[in-house]
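> sequence-free structure coming up:
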Ligand code: IPM
Ligand code: MG
């Protein structure tokens, strides 16, 4: 039997609630399939550990998850730890050394869920956003001088490299090619940012020539927000820089009904390192411990994890179970305007998995 080792890192806030739910659903999925086994190892890395020991993960942390087949991550962020410390101490501390340069964010309107867009009933909005996940505005290049003095200054340099742009463009064109519409939108801001973003555009054009069967267009990021709202049906696959895609993917999640549903995969496509799967929503301290966190974002991330492992039938089965559950409004959590608890949604997804005869 195929066996996969998964590192579970719940992190902070509602992370522990949704990851417990996700592990339960993935185990139910493996039990239902019987062709493979998932072995979870749990890691207590997060802000509590940071406050106790001064580090989010132990010094040999990366080595301890290096051989795992995948990572299931909850969220990072606590009200009493500055956000940039958390981000760089945990999430980026895994994404960057493991070269998870392709961040993939599918967005669709699941059954039973209503988009805030009046003209959208469902099928008009079916997107995948590809976020460059290793450089750009998140490269960490910059500094701060004259601290506390009147002449204090700070810079964040957006770093774009030929190799970095080339690999994300190839990834995005390939992904667009694998989807029925074969359509890619390259998001840019090369009118204002005349160096890095111009290189981005030039390499998009070069790579596009390798994919003559994929239609593509280019869109300035500000205009892209309008197009997402006004012409959602004109979009299929999108590639954007680290920061642009961060912003666009929150808009996408809201247009699809709730941030609580949105999944993401941080992929190292070459599989030299494990890839990491996580819900987009973050730690949501305001609802922590109440048992009402929406586990769907984690379940959908679990679908992406199974796809990455090559367990396609199990991934499809989990997605069908999710869609059966979202179709029932009494199983919506409060972020979707419903009364359901994390427990109720998880139980319903596990039952739908067991009842699936396909
Ligand atoms: C995301 C999140 C993170 C980001 C936060 C938590 C730092 O918003 O994954 O989209 O900006 O990358
Ligand atoms: Mg974000």
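The structure has been received and is ready for your questions. These numbers were taken from a predicted model, which means no experiment stands behind them. Ligands and ions are numbered 1, 2, ... in the order given.
> contact residues of the chain facing ligand 1?
Within the chain, the residues that sit near ligand 1 (C-beta under 6 Å from any ligand atom) are 87, 246, 280, 282. Placement of C-beta: from N, CA and C, glycine included.
> in helices, which of the residues you listed appear?
Assigned to helices by DSSP state H, the following of the residues of the chain next to ligand 1 qualify: residue 246.
> most surrounded residue in the residues of the chain next to ligand 1?
residue 280 (22 neighbours; other C-beta atoms under 10 Å).
> residues touching residue 17, list them.
Residue 17 is in contact with 288-289, 291, 293, 295, 342, counting by C-beta atoms under 8 Å, 6 or more residues apart in numbering.
> out of those, which are buried?
Buried residues within the contacts of residue 17, counting neighbours by 16 or more other C-beta atoms under 10 Å: 288, 293, 295, 342.
> can you map out the helices along the stretch 151-300 of the chain?
162-178, 196-208, 221-230, 242-255, 296-309 (DSSP state H, counting those that start in this stretch).
> packing partners of the longest one?
So the one you mean is helix 162-178. When contacts are defined as 3 or more C-beta pairs under 8 Å, 6 or more residues apart in numbering; DSSP states H and E, helix 162-178 sits against strand 102-108, strand 126-132, strand 183-188, helix 196-208, strand 237-240.
> switch to 6 Å and redo it
Counting contacts by 3 or more C-beta pairs under 6 Å, 6 or more residues apart in numbering; DSSP states H and E, helix 162-178 packs against strand 183-188, helix 196-208, strand 237-240.
> distance between the first one and the chain's centre?
Relative to its chain's centre, strand 183-188 lies at 18 Å (C-alpha atoms, centre = their mean, to the nearest Å).
> that strand packs against which elements?
Using 3+ C-beta pairs under 6 Å, 6+ apart: strand 183-188 touches helix 162-178, helix 196-208, strand 215-220, strand 237-240.
> direction included, what does it pair against?
strand 215-220 (parallel), strand 237-240 (parallel) (DSSP bridges).
> what's the average pLDDT for the longest one?
I take that to be strand 215-220. Average pLDDT, strand 215-220: 98.
> which of the residues in it are buried?
216, 218-220.
> checking residue 137 next. Helix, strand or coil?
strand (DSSP: H, G, I helix; E, B strand; the rest coil).
> hang on, isn't it packed against residue 158?
Yes. Taking contacts as C-beta atoms under 6 Å, residue 137 lies within contact range of residue 158: 4.5 Å.
> first-to-last residue distance for stretch 250-263?
11 Å (C-alpha to C-alpha, to the nearest Å).
> same check, this time on stretch 37-48
Start-to-end, stretch 37-48 (C-alpha to C-alpha) is 31 Å.
> please point out which parts of that stretch sit buried.
38, 40, 43, 45-47.
> same thing with stretch 23-33?
In stretch 23-33, the ones that count as buried by 16+ other C-beta under 10 Å are 23-26, 28-30, 32-33.
> and the buried residues of stretch 37-48, which two are furthest apart?
38 and 47 (26.8 Å; C-beta to C-beta).
> can you list contacts of stretch 171-191?
Stretch 171-191 has contacts (C-beta atoms under 6 Å, 6 or more residues apart in numbering) with 102, 130, 197-198, 200-201, 204, 207, 211, 214-221, 224, 235-240, 244, 269.
> now swap in stretch 193-205 and tell me
Looking at what lies outside stretch 193-205 - C-beta under 6 Å, 6+ apart - the contacts are 158, 160, 165-166, 169, 186, 188-190.
> what's the closest of those residues to ligand 1?
Closest approach between those and ligand 1, by C-beta to the nearest ligand atom: residue 158, at 14.2 Å.
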